[in-house]
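Q: Whatever this is, show me its structure:
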Amino acid sequence: MLRDLLRAAAEARTVAIEGRVREVVAAYLESYQSNDIDGRVALFAADGTFEDPVGSEPMRGHEAIRAFWEAGAAAFRIEMALDRLYVSGREAAFNATATLHDKAGDKARIRIIETMCLNDDGWIASLRAYFDVGSID
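A: All right, here's what the predicted structure looks like:
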């Protein structure tokens, strides 16, 4: 009986946490469709990090993350389409296709994998983007 109660409580917590992760991933991807940099930055914890691409120096905090996306927005518009999402606890890994459109009307597609970890308050603590030259069409 106690074991069943403990399992039920753990499952309920897992469902709530994983639901929040799914919400944050959906909002993150939607922010690209609507070109909402402020909304995207607001998904991060104040000390959250973003590493794009993995292996580069991570950006830390809202100001640095915003500057990165504002520089990109000056050069091109990005659309993101989710291909597959995997959620485990407060972490997610997802495949997506980013379509970049430049001011001249040219476009390129990049197949990416991103990993995201939320903090205890449900905000992005870290986001890492993986891609390589072979993923660019």
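Q: Where in the protein is the helix or strand with the lowest mean pLDDT?
A: helix 2-33 (a mean of 82; mean pLDDT, DSSP states H and E).
Q: For this structure, just list every one of the strands.
A: Assigned by DSSP state E, the chain shows strands spanning 44-51, 59-60, 76-88, 91-102, 107-118, 124-130.
Q: so how far is the third one from its chain's centroid?
A: Taking the mean C-alpha point of strand 76-88 and that of its whole chain, the gap between them comes to 8 Å (Cα atoms, centre = their mean, to the nearest Å).
Q: Alpha carbons of that strand, as PDB, please.
A: C-alpha atoms of strand 76-88 as PDB (Å, rounded to 0.1, in the frame of the first residue of the first chain):
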ATOM      1  CA  PHE A  76      18.000  36.400 -41.300                       C
ATOM      2  CA  ARG A  77      14.600  35.100 -40.200                       C
ATOM      3  CA  ILE A  78      14.500  31.600 -38.700                       C
ATOM      4  CA  GLU A  79      11.600  29.100 -38.700                       C
ATOM      5  CA  MET A  80      11.900  26.000 -36.500                       C
ATOM      6  CA  ALA A  81      10.000  22.800 -37.100                       C
ATOM      7  CA  LEU A  82      10.000  20.000 -34.500                       C
ATOM      8  CA  ASP A  83      10.800  16.600 -35.900                       C
ATOM      9  CA  ARG A  84      11.000  14.600 -32.700                       C
ATOM     10  CA  LEU A  85      10.800  15.300 -28.900                       C
ATOM     11  CA  TYR A  86      12.200  13.200 -26.100                       C
ATOM     12  CA  VAL A  87      11.400  14.200 -22.500                       C
ATOM     13  CA  SER A  88      12.800  12.600 -19.300                       C
END
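Q: Residues contacting it, please?
A: For strand 76-88, the surrounding residues in contact (Cβ atoms under 8 Å, 6 or more residues apart in numbering) are 18, 21-22, 25, 29, 32-33, 35, 72, 92-103, 111. (C-beta placed from N, C-alpha, C; glycine too.)
Q: was I right about Gly39 contacting Leu29?
A: No - at 11.3 Å, Gly39 and Leu29 do not qualify as touching, with contact defined as Cβ atoms under 8 Å.
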